[in-house]
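Asks: What follows is a predicted structure for the sequence shown.
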Amino acid sequence: MNMQFDEISRKAAAGTLSDEEREWLANHLREHPERRADLEWDAALGARLEEKIAALPAMPGWERTERALQAEQAASEAQAAPPAVSTKRAAKRGPGLLDRLSDWFASSLGFAFDAQMAAVALVLVQAGLIGVLAWQYEARDDSAIRAGTADPTPRGPLLRVSFRQDVRESELRRALADIGGEIVGGPGQIGVYMVRVREGDLRAAAQRLRAGGTTELVEVLGNGR
Amino acid sequence: MQKPGPAEIEALLRRVANRDQAAFRALYELFARRVFAFLVHRFQNESLAEEVVSDTLLHVWKSPESFRGESAFSTWLLGVARFKMLERMRQHKPASEDVDEIDENLLVAETGPEDVAAMRERSEGVRECLELLPAEQRECIHLAYYEGWTLDEIGAQMSLKKETIGTRLFYARKKIQACLAALLARERGLVEGLT
């Protein structure tokens, strides 16, 4: 076992070799050609992992995260909202709830607690309540609910793909990994998926998908680059 | 999969610190799948992994300054995710795994052309064999072969000596080879039985 070779071989599999390490590896293989099988095995394992990971959802947990962001935003907006008290209207109608509350504070605590302060206090209490509710909503155990994993906002250009009914999930994943694609929408009621291709020519990717024999329909949406 | 550079990440973190939700989403797009893949390989619990990905990235949203640049951002992020996942797993069940049991039969064979061919051609088999490894060995395999971490880096993450990590990787590799060989032998047996 050569620890340096093993480490560099694994880094080569992960695609993170520096130029210096690449040169060291080439020299080492010239001196020890028998290690080439190990290097190739490592590279193949790296490729299998890459393939497996490429088939995973692009934005796992995003829906849950977005809910938490929205709750946070709502709480901060509630905190920032100005107290909506119109003194004119209050004068017309006579003493309202806030004024009566203010009077009660003044009489029972012995100092003035005006209507505006009471309104601010009320808004702060509401904001606190919203904050607590938002926090509870975020912290609740959702493990029983399988959140949707696809990107909720598919953007073009995309492929519209319908897979053959007898295609196994593993074949579907392999076909997507082969074109560097990821499912960003669907399946709809008739089994149509929206697929985004991370890089390269969309039309060529569509062609490759059709040639793979796993699909019934492949259409390019948008300009297809 | 795209692996962003430090300058790009730093710029996004600065925007996140200014409460820029678009920057946060971009950061999420760059790292969520990577964190998810690590957690799923290590813990084999997709729904929990999904929640922990969300918690981990929300931690970045709430306190981006907690990343102090002492390591690569992805290294730090996977560390946060690992910690959060272990915490969640502790709530679900006590962790008790036989980590480094040794099968002497695995020690003899060297990597040959058959092993390389099996690894290249048997995607499904490789997946099955990876899932059969103990969790700690799967974690080492993921960090070494996908993230490209060194033994020192993995050791720091798992609070273990690098020699221990080297041993885990060695046995994981041998187990995968043995597992693939067994799958091929079973297939051959089935084919011979049919003819």
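Replies: Arrived safely, thanks for sending. Residues are numbered from 1 along each chain as shown, chains lettered A, B, ... in the order given.
Asks: Now do the domain split for chain A, please.
Replies: A:3-54, A:62-139, A:158-221 (automatic domain parsing).
Asks: Nearest approach to chain B belongs to which of those?
Replies: domain A:3-54 (3.1 Å; CB to the nearest CB). Using the backbone N, CA and C atoms, a C-beta is placed for each residue, glycine as well.
Asks: Between the domains of chain A, which has the poorest mean confidence score?
Replies: Within the domains of chain A, confidence is poorest for domain A:62-139, with a mean of 69 (mean pLDDT).
Asks: Tell me where chain B has helices.
Replies: Per DSSP state H, chain B carries helices over the ranges B:6-17, B:21-43, B:46-62, B:73-92, B:113-121, B:123-132, B:135-145, B:151-158, B:162-194.
Asks: Show me what counts as buried in the first one.
Replies: With burial defined by 16 or more other CB atoms under 10 Å in any protein chain shown, the residues of helix B:6-17 counted as buried are B:Ile9, B:Leu12, B:Leu13, B:Arg15, B:Val16.
Asks: Likewise for the longest one?
Replies: Residues of helix B:162-194 classed as buried by neighbour count (16+ other CB under 10 Å): B:162, B:164-181, B:183-184.
Asks: Distance of the residue nearest to B:Pro4 when sequence neighbours are not counted relative to chain A?
Replies: Nearest residue to B:Pro4, sequence neighbours excluded (CB to CB, 6 or more residues apart in numbering or on different chains): B:Leu30, at 5.2 Å. Distance check for B:Leu30 against chain A: by CB to the nearest CB, to the nearest Å, it reads 10 Å.
Asks: same thing with B:Ala37?
Replies: 4 Å.
Asks: tally of neighbours for that residue?
Replies: 24 (other CB atoms under 10 Å in any protein chain shown).
Asks: Check which helix or strand the spatially closest residue to it that is not a sequence neighbour maps to.
Replies: Nearest in space to B:Ala37, with sequence neighbours left out and distances taken as CB to CB, 6+ apart, is A:Ile53 at 4.3 Å. Applying DSSP states H and E as the criterion places A:Ile53 in helix A:36-54.
Asks: on that earlier part again, which one, of the helices of chain B, ends up nearest to A:Glu182?
Replies: Closest of those to A:Glu182 is helix B:21-43, at 8.7 Å (criterion: CB to CB).
Asks: can you give me the helices for chain A?
Replies: Using DSSP H, helices in chain A cover A:3-14, A:19-31, A:36-54, A:62-80, A:87-93, A:97-109, A:115-139, A:169-179, A:202-211.
Asks: Next, the contact list for B:Arg15, please.
Replies: By CB atoms under 8 Å, 6 or more residues apart in numbering or on different chains, B:Arg15 lies in contact with B:Ala22, B:Ala23.
Asks: just A:Gly46 next, same as before
Replies: A:Gly46 touches A:Arg10, A:Ala12, A:Ala13, A:Ala14, A:Gly15, B:Tyr145, B:Tyr146, counting by CB under 8 Å, 6+ apart.
Asks: repeat that with 6 Å
Replies: A:Ala13, A:Ala14, B:Tyr145 (CB atoms under 6 Å, 6 or more residues apart in numbering or on different chains).
Asks: residues making contact with the lowest-mean-pLDDT helix or strand in chain B?
Replies: Sorting the helices and strands of chain B by mean pLDDT, DSSP states H and E puts helix B:113-121 at the bottom, at a mean of 77. The set of residues external to helix B:113-121 that reach it, using CB under 6 Å, 6+ apart, is A:Ala37, A:Glu40, A:Trp41, A:Ala44, A:Leu45, B:Gln177, B:Leu180, B:Leu184.
Asks: and if we set it to 8 Å?
Replies: Counting by CB under 8 Å, 6+ apart, A:37, A:40-41, A:44-45, A:47-48, B:125-126, B:176-177, B:180-181, B:183-184 sit against helix B:113-121.
Asks: What of stretch B:58-67?
Replies: Contacts for stretch B:58-67 (CB under 8 Å, 6+ apart): A:65, A:68-69, B:13, B:16-17, B:24, B:27, B:73, B:76-77, B:80, B:84.
Asks: Buried among those residues? Make that a ChimeraX selection.
Replies: Applying 16+ other CB under 10 Å to the contacts of stretch B:58-67, the buried members can be selected in ChimeraX as follows:
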select /A:65,68 /B:13,16,24,27,73,76,77,80,84
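Asks: Let me see the domain layout of chain B.
Replies: Using automatic domain parsing, the domain parsing of chain B gives B:6-92, B:104-194.
Asks: Quick one: residues contacting the spatially closest residue to B:Gln137 that is not a sequence neighbour.
Replies: Leaving out its chain neighbours, the residue that sits closest to B:Gln137 by CB to CB, 6+ apart is B:Ala172, at 3.9 Å. Applying CB under 8 Å, 6+ apart, we find B:Ala172 in contact with B:Leu133, B:Gln137, B:Arg138, B:Cys140, B:Ile141.
Asks: per-residue confidence for the closest residue to the fourth one other than its chain neighbours?
Replies: Going back to what we said before, that points to B:Cys140. Leaving out its chain neighbours, the residue that sits closest to B:Cys140 by CB to CB, 6+ apart is B:Arg168, at 4.7 Å. You'll see B:Arg168 listed with a pLDDT of 94.
Asks: Over to the one 5 residues further on?
Replies: On the pLDDT scale, B:Arg173 is placed at 92.
Asks: Out of the contacts of helix B:113-121, the closest to B:Leu39 would be?
Replies: A:Arg48 (18.5 Å).
Asks: Find me the pLDDT at the nearest residue to that closest one once chain neighbours are set aside, would you?
Replies: Using CB to CB, 6+ apart and skipping the chain neighbours, the partner closest in space to A:Arg48 is B:Val126 (4.5 Å). pLDDT, B:Val126: 88.
Asks: do the same with A:Asn223
Replies: pLDDT, A:Asn223: 61.
Asks: Check B:Phe67 too.
Replies: Per the predicted model, pLDDT is 92 at B:Phe67.
Asks: can you check B:Cys179 too?
Replies: Looking at B:Cys179, its pLDDT stands at 89.
Asks: That one contacts B:Glu128, correct?
Replies: Yes. Using CB atoms under 8 Å, B:Cys179 is in contact with B:Glu128, at 7.4 Å.
Asks: on that earlier part again, kindly export the helix holding A:Ile53 (C-alpha atoms) in CSV.
Replies: Output of helix A:36-54 as CSV, limited to C-alpha atoms (Å, rounded to 0.1, in the frame of the first residue of the first chain):
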residue,chain,number,x,y,z
ARG,A,36,-2.8,1.5,-13.2
ALA,A,37,-5.6,-0.9,-12.3
ASP,A,38,-6.0,0.7,-8.9
LEU,A,39,-6.2,4.1,-10.5
GLU,A,40,-8.8,3.0,-13.0
TRP,A,41,-10.8,1.3,-10.3
ASP,A,42,-10.8,4.5,-8.2
ALA,A,43,-11.7,6.6,-11.3
ALA,A,44,-14.7,4.2,-12.0
LEU,A,45,-15.9,4.4,-8.4
GLY,A,46,-15.7,8.2,-8.6
ALA,A,47,-17.7,8.1,-11.8
ARG,A,48,-20.3,5.9,-10.2
LEU,A,49,-20.7,8.3,-7.3
GLU,A,50,-20.9,11.3,-9.7
GLU,A,51,-23.6,9.5,-11.7
LYS,A,52,-25.6,8.7,-8.5
ILE,A,53,-25.4,12.2,-7.2
ALA,A,54,-26.3,13.8,-10.6
